[in-house]
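S.K.: Sequence and predicted structure are below.
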Amino acid sequence: MSATNQFCTFYVSGQYFGLEVLHVQEIIRYQEMTRVPLAPSTIRGLINLRGQIVTAIDLRRRLELPDRPADQLPVNVVVRTDEGAVSLLVDEIGDVLEVDPHQFERPPETLKGSSRELIRGAYKLDKQLLMILDTERAVNVTGGGRNP
Amino acid sequence: MNEVVREFLLEMHDNLAQLDLDLIQLEKEPGDRDTIGRVFRTLHTVKGTSGFLGLPKLQAVAHAAENLLTRLRAGELAYNTEIANAMLESVDAIRKLLEALEKSEGQTEGTADFSSLIQKLEKLTAEVSTSESKMTMVAPSGLSGFLSPSTMVSGPIPELSTPPLVPSSTTTTPPAPPSPPVPVVPPPPPAAPESVAPRVPSVPQSSTPVLPEPPPASPPPPSVEPVKSQPLQSVPVPVPSPPPTPSAPMPIAQPPSAVPETEAKATGSVSDSAIRVDVGLLDKLMNLVGELVLARNQILQFSASQEDGAFLGTVQRLNLLTTELQAGVMKTRMQPIGNLWSKFPRIVRDLAMACSKQVRLEMDGQDTELDKTIVEAIRDPLTHLIRNAVDHGIESPEKRIAAGKSPEGRVRLNASHEGGKVIIEMADDGGGIDPERVRQKAINNQLVTPEQAARMSDRELLELIFLPGFSTTDRVTQFSGRGVGMDVVKTNIEKIGGTVDLISKVGRGTTIKMKIPLTLAIIPALTVTSGGDRYAIPQVSLLELVRLEGEAAVKGIEHLHGAAVYRLRGNLLPLVYLHRQLNVESGAEPGVINIVVLQADDRPFGLIVDAIHDTEEIVVKPLQKQLKGLGVFSGATIMGDGKVALILDVLGLAQRASVVAAIRERAMTDKTAPTDTVSGDRMTLLLVETAGGGRLAIPLAQVARLEEFPRSSLERAGTQTVVQYRDEILPLIDVARALRTGGKNGRVRALANEVNSVQVVVYANHGIRVGLAVGQIADIVEETIVNRSRATRQGVMFTAVVQGRVTEFLDVEGIIRSVDPELFAQPSERGVLAP
């Protein structure tokens, strides 16, 4: 695990998440997307990032949370992966936080479902919990569910 | 992997290719000191670097080869076939070792054992040095042990090895060059054609002007250089000094072929100014430029509403700069085709030796540039063709002499630009392909029935070579002739949007001509809409577009036990609904059906889309791994408005809709159907309308192709109107006029002036091609002819009712004969280009 403890934070369905700041390439506001028929439902479409075509994965669906209301536009958190940039769609962007590594704790056994492999654990902040996502796993979407 | 090792591997990759070329060049011009010097330096670098990196095997091989070369360079021994083979073997060994090194990430050299090669090299080296006087015998006996002298690729070797001239004292003083040979040995360079020497621009073997080796004191001026051997003789004196500087720790930085200025003519200039750039970086630049173009377009649009002069001027400049930048970046991906060809001289040499043939490879147009991906894609097909030409095309020297040709066969590679495409031509002056043998073979392999074969023209017969499972050679050699090949060549070339044409003349040789697009990264594509999204369909798989409106939209689509079909010119075309395949809701305009007729695996099918837009050039970008497995999209592209559109994978789509498997069986019946015509009364007919409203029918069996030529492409040759068609001059006959005047005046003169293009039915038989200009091509139908009545005029066989209309059946040959009786007088002479 990387020694860094700076995290880029954001909100998904009211919950507070963070990604290692070194994995994040940039944050961009909502972009028009081209949907990809037959793709797994977590993939919302393709965006044009300065001439590069980037797959946009909806973190709500990836974390098996309810879809965001139609009038709420997501924000793109563009992360670097081995296979180029991938965008993660989140509700709202938070700050970049530096946290105390001692406050980290692994997820409890009661955390079930596919989110368990995505959430590495949580930092116990004063006001709330900051859940840390595993970047490579979060973007690892293949096959799976189809679009309705 | 260690950075030093990586650098070394990269560098060696280029050097080895050059080494092959140089060694073969040496066989042609054994005295060429420049070449020997270059080989020497490369080997020296290998030796030095491998010692430095701790690679004992590599060092041993390079060392042994270098020793042999020292003798060669000192003039103590002449380059002969045996030595050439040993040297080439060493290059292969080095290559193998480097491969192992690369695979193991720089950890090990692999387990291969090269001690026998090293022994061979040592033996060759030792033999000479012990007794030079024996050398006369050494060379020939060595040769006979290997191959008969007649099979040697290069002629002049025997004379060169007249060694009594070598003074025995040279044993101890290698640097002393034997000056006596000069007058006695006729220097071969002028004899060998310059074009053989593939001075391929592949040489990024950076010959930096900064020389790590001590350059010969005051190098002779370049102007003296071309004068063959005299100045060369003076060179060796200073040269031997560099080898003693052994495994210096500098080799990585040392340009391996740091060529002294004396060599200015040979290599260099290209590489002096070239650097290595990562392809990924170029792709990124390409993306950015694409994006810049879009931003520029938006600014241009915005500026239209502005009146500030200074601002408009700046926008104009931005516009021009962007365009130029785009062109420049596109160019960086281009590679000269010579990079690919550089390995062919070696292939040809080895193969010619193995087949006991003499073959000379000539190459022209090496600097013709192609996109990197295309160069990769044509590598295998071209290699295959070269092998075919040497193995099957060129005859044995005895046969060639008997046929009155020079014993040395020629294979010519030529590349050039033409109309946005690259033309690659490969011609040999070998035996050519005998259409009769093709016919027999095709019948034996049950590719066609004897009846079909009997009706085929020579040109059609030659086309059969491209069918899977066809091979004309009865013998299978190690190199080619296994019945796989030409069909693979054709499919591979067509896959990248190219075409292959074959021209062959018995006894004169074969020419294969390929037309290849410049780049794969940018392709023409048709944009369609389905369910509100745009999709791009590569033009390569597009056949035609059909739009059904009103009644046709209601009745046009029929169902065959649930499967939608459309009758396209009498054949059932299976239909696929794009929106159903993609699982999206259709947004089609009611009452209109748009069918895009595509071909997958050579079989047509109709794709129903909501709307059809323009054809435009798109930049193909790959999909990320999350979307690779879908199978129906081959990539994505960014449209003019900056939005992303997916590119449909036509074959994948056809497979998903399971049209391909179903279609394949139909292919067999389809293929036989058109040729079935003349027998029996059921005929497949091409219906054409004449300008006067009359209807004519031409049996489809006699039709080679349907073409449309712009009026501007019509040219005149004497009294005949002609058009350039597939490298031939195609005479045109105006059918309507020929019928009216009984042939007196049938040469196309002023084809209906009101239209800008001419519809032409290309007739091909007995090697003759004639174009029949018709008013309008109406349809292709399959019809049982019942009511025949006598013809009412010349040029018509009979009249019958087809689809409820009186139709005249054209006597094509009669018309051609009446217009130009001479056309049939010289059968099979036409339509064949001598290579």
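M.R.: Yep, that arrived.
S.K.: CA only for contacts and neighbour counts going forward, please
M.R.: OK.
S.K.: got the residues of chain A near chain B?
M.R.: A:32-39, A:46-48, A:50-55, A:83-84, A:140-143 (C-alpha under 8 Å from any C-alpha of the partner chain).
S.K.: Would you write out the PyMOL command that picks the buried residues out of those?
M.R.: Here is the PyMOL command that selects the buried residues among the residues of chain A next to chain B (16 or more other C-alpha atoms under 10 Å in any protein chain shown):
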select buried, chain A and resi 33+34+35+36+37+38+39+46+47+48+50+51+52+53+54+55+141+142
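S.K.: contacting residues for residue 89?
M.R.: Since you didn't name a chain, this refers to chain A. By C-alpha atoms under 8 Å, 6 or more residues apart in numbering or on different chains, A:Leu89 lies in contact with A:Ala56, A:Ile57, A:Asp58, A:Leu59, A:Arg60, A:Pro74, A:Val75, A:Asn76, A:Val77.
S.K.: Chain B, not that one
M.R.: With C-alpha under 8 Å, 6+ apart, B:Glu89 has these contacts: B:Leu117.
S.K.: rewinding a little: next, check the contacts of A:Leu89 against the helices and list the overlap.
M.R.: Among those, the residues falling in helices (DSSP state H) are A:Leu59, A:Arg60.
S.K.: Mind checking which of the contacts of A:Leu89 are buried?
M.R.: Buried positions within the contacts of A:Leu89, assessed by neighbour count (16+ other C-alpha under 10 Å), are A:Ala56, A:Ile57, A:Asp58, A:Leu59, A:Arg60, A:Pro74, A:Val75, A:Asn76, A:Val77.
S.K.: elements contacting the lowest-mean-pLDDT helix or strand in chain A?
M.R.: Every helix and strand in chain A was compared by mean pLDDT, DSSP states H and E; the lowest is helix A:115-118, with a mean of 83. Packing partners of helix A:115-118 (3 or more C-alpha pairs under 8 Å, 6 or more residues apart in numbering or on different chains; DSSP states H and E): helix A:135-139.
S.K.: what helices or strands is the helix it packs on leaning on?
M.R.: Packing contacts for helix A:135-139, counted by 3+ C-alpha pairs under 8 Å, 6+ apart, involve strand A:75-81, helix A:115-118.
S.K.: Please point out which parts of that helix sit buried.
M.R.: Counting neighbours by 16+ other C-alpha under 10 Å, one finds that the buried residues in helix A:135-139 are A:Thr135, A:Ala138, A:Val139.
S.K.: what about that helix, average pLDDT?
M.R.: If you average the pLDDT over helix A:135-139, you get 89.
S.K.: Now chain A against chain B: closest residue?
M.R.: Nearest residue of chain A to chain B (C-alpha to the nearest C-alpha) works out as A:Gly51 at 4.7 Å.
S.K.: Residue ranges in the stretch 451-600 of chain B under the pLDDT threshold?
M.R.: Applying pLDDT under 70 to the stretch 451-600 of chain B flags residues B:469-485, B:519-521.
S.K.: buried residues in stretch A:68-82?
M.R.: Neighbour-count burial for stretch A:68-82, with 16+ other C-alpha under 10 Å as criterion, is recorded at A:Arg68, A:Pro74, A:Val75, A:Asn76, A:Val77, A:Val78, A:Val79, A:Arg80.
S.K.: ditto for stretch B:715-727
M.R.: For stretch B:715-727, by 16+ other C-alpha under 10 Å, it's B:Gln720, B:Thr721, B:Val722, B:Val723.
S.K.: In this structure the second one contacts B:Leu714, no?
M.R.: Yep, that's B:Thr721 we're talking about. Yes - with contacts counted by C-alpha atoms under 8 Å, B:Thr721 reaches B:Leu714, the gap being 6.7 Å.
S.K.: gap between the least confident helix or strand of chain A and the chain center?
M.R.: 12 Å (C-alpha atoms, centre = their mean, to the nearest Å).
S.K.: Which residues does that helix contact?
M.R.: So helix A:115-118 is contacted by A:Arg62, A:Leu63, A:Glu64, A:Pro107, A:Leu133, A:Asp134, A:Thr135, A:Arg137, A:Ala138 (C-alpha under 8 Å, 6+ apart).
S.K.: May I see the residues you listed arranged in TSV, with distance to B:Gln702 as well?
M.R.: Listed next are the contacts of helix A:115-118 as TSV, based on distance: C-alpha to C-alpha, whole Å:
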residue	distance to B:Gln702
A:Arg62	62
A:Leu63	66
A:Glu64	65
A:Pro107	78
A:Leu133	70
A:Asp134	68
A:Thr135	65
A:Arg137	63
A:Ala138	63
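S.K.: quick one: the residue of the stretch 101-250 of chain B found nearest chain A from B:Gly51, how far?
M.R.: Per C-alpha to the nearest C-alpha, B:Glu105 is where the stretch 101-250 of chain B lies closest to chain A, at 19.8 Å. Using C-alpha to C-alpha, to the nearest Å, one obtains 18 Å as the distance from B:Glu105 to B:Gly51.
S.K.: neighbour-wise, which of these two wins?
M.R.: B:Gly51 (19 against 13; other C-alpha atoms under 10 Å in any protein chain shown).
S.K.: so the more buried one sits right up against B:Gln59, yeah?
M.R.: Yes - the pair B:Gly51 / B:Gln59 is scored as a contact, 5.9 Å apart, by C-alpha under 8 Å.
S.K.: Quick one: residues contacting the residue lying closest to B:Ile512 once chain neighbours are set aside.
M.R.: The shortest distance from B:Ile512 to any non-neighbouring residue, by C-alpha to C-alpha, 6 or more residues apart in numbering or on different chains, is to B:Leu502 (4.6 Å). Counting by C-alpha under 8 Å, 6+ apart, B:Leu502 touches B:Leu462, B:Glu463, B:Thr510, B:Thr511, B:Ile512, B:Lys513.
S.K.: can you confirm B:Leu502 is in a strand?
M.R.: Yes - applying DSSP: H, G, I helix; E, B strand; the rest coil, one finds B:Leu502 inside a strand.
S.K.: Tell me the secondary structure at the residue of chain A positioned farthest from its centre.
M.R.: Within chain A, the residue lying farthest from the chain centre (C-alpha atoms, centre = their mean) is A:His102, at 23.5 Å. For A:His102, the assignment made with three-state DSSP gives helix.
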